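# Would you be able to build a 3D model of this:
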Amino acid sequence: MGKDKKIAIVTCCLDDWGGSEELWAKILPILKDRGVSPITVYKNKINKDHPEFVHLITQNVILKELEPSLSFLNKFFFKVTDTFIHLGDKMGLLTYKLNKPVARLSRYLKNDRPDLVLISQGINFDGLAFAAICLELDIRYVIVSHKAVSFYWPQPGDRAYMKNVLLKAEKCFFVSEHNKKLTEEQFGIRLPTSELVFNPVKVSVSPLPFPENSNGYRLACVGRLFVIDKGQDILLRVLAQPKWKSREITISFIGKGPDCDGLTELSRLLGVDNVSFEGYHDDLKAIWSTHHALILPSRSEGLPLTIVEAMSLGRMVIATNAGGNSEFIEDGVTGFIAEPNEKDLDEAMEKAWGRKEEWALMGTRAAQYISGHIPEYPERQFANLLNDILNAR
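Numbering: from 1, shown residues only. Predicted coordinates for the structure are as follows:
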């Protein structure tokens, strides 16, 4: 049991709430039931009106901002202490890159002294400066990486300390084999303490009836409207071809994000009329009861829950070979895989269109695959792993 143990979560998500936060949020009640207390969450900015943080507050989780809005006196105090820390940085006394959130976490951890820190990264090195603080203070830590990107590498001056904190972590968790492999390649090391974990899924495996298709086929592109990651612009350029404009197929973009206006205007510019921008929806069964397949044109991914959710509900997937996508989709069996460019995506869509009468069967196979490969409650497995680490010393 983890009784009388303290755990801290450092979440690197810059949005009010993100998919990378689902895993740690779901394990907190499990850890609390096992006596782990207090639990503290650190984040640059915390929107305490967001439903997820409201829920955490009701669970007596302590929330601390690393970039808070400060009173004049507190600003003065932080300014003085930051000056001394930055002086150490300038003199080369620090091996990691210092910024205000890192400096504030250092002060908090010195006072709080948790038994374990979980660092939840959106990308595979955006939280390693926080890990360096833990190492400096002799506080055990684990690292969770939700994404790795082939075109985004660590800065040369950061590589040494980042490799060190990766190698000295109690565990390095990854959500896909691709992310683990790419991280090892980017740093030129093997990570012997690495392990794969799955994010919690909002639906159980329960295939829905295949929608009626007399008025054509509806595909859903579900995800944040952020083209550098999700690549919705690639899909729009494919759809701008005359053959796709003339076919009985529509695409629903489901999600919100900073590129919503840009994508809407791009669709108008290209004359793509068979698309709609539906905003964010969290009723997954409502989405998949009216859509025949998922399409994801991503440039980079971890292992998108969108794929697992769609497959769980009996929908085949057309996706790019980004992140762990191809670890779950068997090309031509449960979906179709393309490289993240217009030519390849068009070819995969063409193959799928030629076999549209098989989409229902492929969706059934997809659900069967998820049933055999994803635990029903992955958060319990992850909580068990953390509990074992807490009790190892």
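# Lys202: how many residues sit nearby?
Using other C-beta atoms under 10 Å, the number of residues around Lys202 comes to 14. Bear in mind the C-beta positions are built from the backbone N, C-alpha and C, glycine included.
# For it, which residues are in contact?
The contact partners of Lys202, taken as C-beta atoms under 8 Å, 6 or more residues apart in numbering, are 282, 284, 305, 309.
# Which strand or helix spans it?
Using DSSP states H and E, Lys202 sits within no helix or strand.
# Roughly how far does it sit from Ser106?
The gap separating Lys202 from Ser106 is 36 Å, by C-beta to C-beta, to the nearest Å.
# hang on, the earlier thing: farthest pair in the contacts of Lys202?
Spatially, the most separated pair among the contacts of Lys202 is Asp282 and Leu305, at 11.8 Å (C-beta to C-beta).
# that older thread, with respect to per-residue confidence, which of the contacts of Lys202 is lowest?
In terms of pLDDT, the lowest of the contacts of Lys202 is Asp282, showing 88.
# circling back: are any of the contacts of Lys202 buried, and which?
284, 305, 309 (16 or more other C-beta atoms under 10 Å).
# how about these in TSV, adding distance to Gly335 and secondary structure?
Formatted as TSV, the buried ones among the contacts of Lys202 follow (distance: C-beta to C-beta, whole Å; DSSP: H, G, I helix; E, B strand; the rest coil):
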residue	distance to Gly335	secondary structure
Leu284	17	helix
Leu305	16	helix
Glu309	14	helix
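# just those now: which is nearest Ala366?
Once C-beta to C-beta is applied, the member of the buried ones among the contacts of Lys202 that ends up nearest Ala366 is Glu309, at 10.9 Å.
# and Phe253, that's in a strand?
Yes: per DSSP: H, G, I helix; E, B strand; the rest coil, Phe253 lies within a strand segment.
# Dig out what it forms beta bridges with.
Taking DSSP bridges as the rule, Phe253 bridges to Cys221, Phe277.
# So it sits against Leu263, correct?
Yes: using C-beta atoms under 8 Å, Phe253 makes contact with Leu263 at a distance of 7.0 Å.
# list the residues that contact both of those two?
Contacts common to Phe253 and Leu263, judged by C-beta under 8 Å, 6+ apart, are 225, 232, 277.
# Just among those, which is most surrounded?
Of the shared contacts of Phe253 and Leu263, with other C-beta under 10 Å as the count, Gln232 tops at 31 neighbours.
# tell me the contacts of that one?
221, 223, 225, 253, 259, 263, 297.
# cool, Leu390 as well?
2, 5, 7, 36, 115-116.
# confidence score at it?
In this model, Leu390 carries a pLDDT of 95.
# Check Pro68 too.
pLDDT, Pro68: 87.
# how near is Asn199 to Gly216?
33 Å.
# Looking at those two, which one has more neighbours?
Counting neighbours by other C-beta under 10 Å for Asn199 and for Gly216 shows that Asn199 has the greater number, 23 against 11.
# Hmm, Thr306 and that one touching each other?
No: judged on C-beta under 8 Å, Asn199 makes no contact with Thr306 at a distance of 10.9 Å.
# For Lys180, list the residues it contacts.
145, 172, 174, 191, 194, 196.
# hang on, I meant Thr264
Per C-beta under 8 Å, 6+ apart, neighbours of Thr264: Phe277.
# How about Leu236?
By C-beta under 8 Å, 6+ apart, the neighbours of Leu236 are 263, 266-267, 270, 272, 275.
# quick check, nearest of these to Glu52?
For those, the nearest to Glu52 is Leu263 (26.1 Å; C-beta to C-beta).
# Then that closest one would be within a helix, right?
Yes: Leu263 forms part of a helix when assessed by three-state DSSP.
# Surely it and Leu225 touch.
Yes: using C-beta under 8 Å, Leu263 is in contact with Leu225, at 5.9 Å.
# Overlap of the contact sets of these two?
232, 253, 277.
# Dump the residues you listed to TSV, plus distance to Trp359 and pLDDT.
Below are those laid out as TSV (distance: C-beta to C-beta, whole Å; pLDDT from 0 to 100):
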residue	distance to Trp359	pLDDT
Gln232	21	98
Phe253	20	98
Phe277	24	98
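# can you put those residues in CSV and add distance to Gly372?
Listed next are the shared contacts of Leu263 and Leu225 as CSV, based on distance: C-beta to C-beta, whole Å:
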residue, distance to Gly372
Gln232, 31
Phe253, 31
Phe277, 35
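# May I see the buried residues of the helix or strand hosting Asn387?
Per DSSP H and E, Asn387 falls inside helix 378-390. Neighbour counts over helix 378-390 (16+ other C-beta under 10 Å) mark 378-379, 382-383, 385-387, 389-390 as buried.
# repeat for stretch 193-200
Here stretch 193-200 shows 194, 197-200 as buried, counting by 16+ other C-beta under 10 Å.
# cool, stretch 13-27 as well?
13, 17-27.
# just stretch 337-351 next, same as before
337-338, 340, 342, 344-346, 348-349.
# Need the max-distance pair from these.
Ile337 and Glu342 (15.3 Å).
# where do the helices sit along the stretch 251-393 of the chain?
Here the stretch 251-393 of the chain has its helices, by DSSP state H, counting those that start in this stretch, at 260-269, 284-288, 305-312, 325-328, 342-354, 359-373, 378-390.
# which other helices and strands contact the longest one?
Under the contact definition 3 or more C-beta pairs under 8 Å, 6 or more residues apart in numbering; DSSP states H and E, helix 359-373 sits against helix 305-312, strand 316-320, helix 325-328.
# Lys6 is in contact with Val36, isn't it?
Yes: using C-beta under 8 Å, Lys6 is in contact with Val36, at 7.4 Å.
# Of those two, give the one with the bigger neighbour count.
For Lys6 versus Val36, neighbours defined as other C-beta under 10 Å are more numerous around Val36 (24 against 18).
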